[in-house]
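# my questions are about this predicted structure, shown below with the sequence.
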Amino acid sequence: MGYVKGLKCRECAREYPVDPIYVCEFCFGPLEVVYDLDGIKKIMTRELIESRQHTLWRYIELLPIDKDPTSGLNSGFTPLVKADNLAKHIGMRELYIKDDTVTHPTLSFKDRVVAIALSKAKEFGFDTVACASTGNLAHAVSAHGAAGGFKRFIFIPASLEKSKIIASLAYEPNLIAVDGNYDDVNRLCSEVANKYNWAFVNINIRPFYAEGSKTQGYEIVEQLGWKAPDAVVVPCASGSLLTKIWKSFKELKEIGLIDDLHTKVFSAQATGCSPIVRAIKDDVDVIKPVKPDTIAKSLAIGNPADGYYATKVIQETGGFGADVSDEEIISAIKLMAKTEGIFAETAGGVTLASAIKLVESGHIDRDAVTVLCITGNGLKTREAIVGHTVEPYHIDPNLKSFEATLKKIIK
Ligand SMILES: *Cc1c(COP(=O)(O)O)cnc(C)c1O
Ligand SMILES: [Zn+2]
């Protein structure tokens, strides 16, 4: 254990020791974890990984942890579902759903990032954890933080879905509902983080937290039989997940666990909050902040912290982006449920609807081995589809009433 060399500025490459810091003192660039990949290459084999437990910790050498993990011990290793029905429906040859609707314990990919962040927070000796959240992070920090015995301060926009607020409250954190959008919440949290000595998972712990997203990429490659896909479609909020999936593929190539890497990375966003896709379509790398207006609240970040880097990855890999309306999100949620039996949250609707557009526009080849990153569970955003589903049949509690209805159903 312990292959982390330190932190490094993504802009000026200045190096820093492993500390709860996130921004370069000289150029204000974001800090990133650097590993001894040569050392990892010497010991990390496919066989070693395959001999381990089916959790995200099977890739521990590539995660920024020095001691035994203490959070999210059962998180990760979600199914990679071969989505043949859906593939047929949208005219593709080989399509997969990376199904993080069933991540342990809070049913979104945020269990991955929080597993790393809180394990690291414990190593650093923090007794209080905090976050600025678009919903799923609130849920994950509330849950993992409870199990880890942390005091928890969870900041959310007050307008979040009721299902997500209640899900977080079940673990009795200090939930702070801010009258404002996520970008307002985030700005406030930066001030709070400067003043209080707390582990803000997506602020001062962000370099470590963000590394957790790589585990989704490692799993995709392992589950495809140690092959990177031709195309991967990733929903973007801050853009962090997208950049880390690409980083995970590159690391596996570098340590010799895959031979070939030609994946194109695609971004999926809601039209009502699509600053990253806008930049891609305009072929620029400057992100123009927007005011979010979409039912995909988990992706509603108008000023994405990693937007610039996400744009770079998409351009560098030959990917592209698509954005979709609220109606398209709802139909895609229903399509995935109807064809594959997987009920995703609004972000999943964004990903599938965007993928369909990218296939239809020719940006994704119909023969490309394609993975959709489905990042959260539909039970957490039920309100999005209320009024858009079929209705139940109401009957009296007798056979006659049932058969009268049956006649109408099968007529
Ligand atoms: C947070 C989140 C994302 C993407 O987050 P990034 O900030 O881009 O890493 C995607 N899907 C869901 C459901 C999320 O909660
Ligand atoms: Zn710097």
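Sure thing, it's come through. Nothing here was measured: the structure is a model prediction, and the numbers come from that model. Ligands and ions are numbered 1, 2, ... in the order given.

# and the strands in the stretch 251-400 of the chain, which stretches?
264-270, 321-324, 370-374 (DSSP state E, counting those that start in this stretch).

# near ligand 1, anything from the longest one?
No. Contact of strand 264-270 with ligand 1 (CB under 6 Å from any ligand atom) is absent, the minimum separation being 9.1 Å. Every C-beta, even on glycine, is put in place using the N, C-alpha and C of the backbone.

# how about the residues of the stretch 251-400 of the chain by ligand 1?
Ser298, Leu299, Glu345, Ala347, Thr375, Gly376.

# let's go with 5 Å and repeat that
The stretch 251-400 of the chain comes close to ligand 1 at residues Ser298, Ala347, Thr375, Gly376, as judged by CB under 5 Å from any ligand atom.

# now for these: which two are most distant?
The distance between the two most remote of these (CB to CB) is 7.8 Å, for Ser298 and Thr375.

# quick check on Thr45: phi, psi?
As for Thr45, its main-chain torsions (degrees, to the nearest 10) stand at phi -120, psi 160.

# for burial, what's the neighbour tally of it?
By other CB atoms under 10 Å, the residues close to Thr45 number 13.

# list the contacts for it?
Taking CB atoms under 8 Å, 6 or more residues apart in numbering as the criterion, Thr45 is in contact with Leu257.

# kindly report the same for Phe266.
Taking CB under 8 Å, 6+ apart as the test, what Phe266 contacts is 231-234, 314, 319-322, 354-355, 358, 363-364.

# thinking again about what came up before, between Ser298 and Thr375, what contacts are shared?
Taking CB under 8 Å, 6+ apart as the criterion, Ser298 and Thr375 both touch Ser108, Asn136, Glu345, Ala347.

# closest one to ligand 2 out of the contacts of Phe266, please.
Ligand 2 lies nearest to Ile314 out of those, by CB to the ion, at 23.3 Å.

# that closest one: neighbouring residues, count only.
27.

# quick check: pLDDT value at it.
Note for Ile314: predicted pLDDT of 98.

# ok, now Gly91?
Per the predicted model, pLDDT is 97 at Gly91.

# list the contacts for it?
Taking CB under 8 Å, 6+ apart, we find Gly91 in contact with Val359, Arg366.

# please report phi then psi for it.
phi 80, psi 50.

# use 385 as the first number from now on
In the new numbering, first residue 385, that becomes Gly475.

# assumed Ile481 was part of a helix.
No. Under DSSP: H, G, I helix; E, B strand; the rest coil, Ile481 sits outside any helix and is assigned strand.

# can you tell me the SS state at the closest residue to it other than its chain neighbours?
The spatial neighbour of Ile481 that comes closest, neighbours along the chain excluded (CB to CB, 6 or more residues apart in numbering), is Val465 at 4.4 Å. With three-state DSSP as the basis, Val465 sits in strand.

# could you count how many residues lie near Val465?
18.

# do Asp511 as well
Using other CB under 10 Å, Asp511 has 12 neighbouring residues.

# per-residue confidence for it?
On pLDDT, Asp511 comes in at 98.

# ok, it - contacts?
Taking CB under 8 Å, 6+ apart as the test, what Asp511 contacts is Phe534, Lys535.

# can you do 10 Å?
Ala505, Gly533, Phe534, Lys535, Asn581, Trp582, Ala583 (CB atoms under 10 Å, 6 or more residues apart in numbering).

# give me phi/psi at the residue nearest to Val525 when sequence neighbours are not counted?
Among residues not flanking Val525 along the chain, Cys515 sits closest, at 4.7 Å (CB to CB, 6+ apart). Backbone torsions for Cys515, taken as degrees, to the nearest 10, come to phi -160, psi 160.

# so what's Cys515 bridging to?
As for beta bridges, Cys515 partners with Ile538 under DSSP bridges.

# near it, how many other residues are there?
Cys515 is flanked by 31 other residues according to other CB under 10 Å.

# pretty sure it contacts Asn558?
No. Cys515 lies out of contact with Asn558 (CB atoms under 10 Å); the separation is 11.6 Å.

# next, count neighbours for the nearest residue to Thr439 once chain neighbours are set aside.
Nearest residue to Thr439, sequence neighbours excluded (CB to CB, 6+ apart): Gly460, at 5.0 Å. Residues lying near Gly460 (other CB under 10 Å) number 25.

# what's the helix or strand for Gly460?
Remark: Gly460 resides in no helix or strand, with elements defined by DSSP states H and E.

# contacting residues for it?
437-443, 484, 487-488, 493, 495-496, 499, 596, 599-600, 602-603.

# strands of the stretch 485-634 of the chain, residue ranges please.
Per DSSP E, counting those that start in this stretch, the stretch 485-634 of the chain carries strands over the ranges 512-516, 535-541, 558-562, 583-584, 615-619.

# re earlier: make CSV out of the strands of the stretch 635-784 of the chain and add mean pLDDT.
Listed next are the strands of the stretch 635-784 of the chain as CSV, based on pLDDT from 0 to 100:
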stretch, mean pLDDT
strand 648-654, 98
strand 705-708, 98
strand 754-758, 99
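
# point me to the residue of the stretch 385-534 of the chain nearest ligand 1.
Using CB to the nearest ligand atom, the closest approach of the stretch 385-534 of the chain to ligand 1 is made by Asn520 at 3.4 Å.

# hmm, who's touching the helix or strand harbouring Gly390?
When secondary structure is defined by DSSP H and E, Gly390 falls within strand 388-393. With contacts defined as CB under 10 Å, 6+ apart, strand 388-393 is touched by 398-403, 405-421, 423, 445-450, 591-592, 595.

# filter those residues to the buried ones?
400, 402, 406-408, 414-419, 421, 445-449, 591-592, 595 (16 or more other CB atoms under 10 Å).

# so which of those residues sit within strands?
Judged by DSSP state E, the buried ones among the contacts of strand 388-393 include Tyr400, Leu415, Glu416, Val417, Val418, Tyr419 as members of strands.

# give me every residue that touches the fourth one.
What that stands for is Val417. Neighbour list for Val417: 387-392, 402, 446-448, 500, 504, 591-592, 594-595, 598, 631 [criterion: CB under 10 Å, 6+ apart].

# which residue packs closest to Ser738, ignoring adjacent ones?
Leaving out its chain neighbours, Ser738 is closest to Ala652 (CB to CB, 6+ apart), at 3.4 Å.
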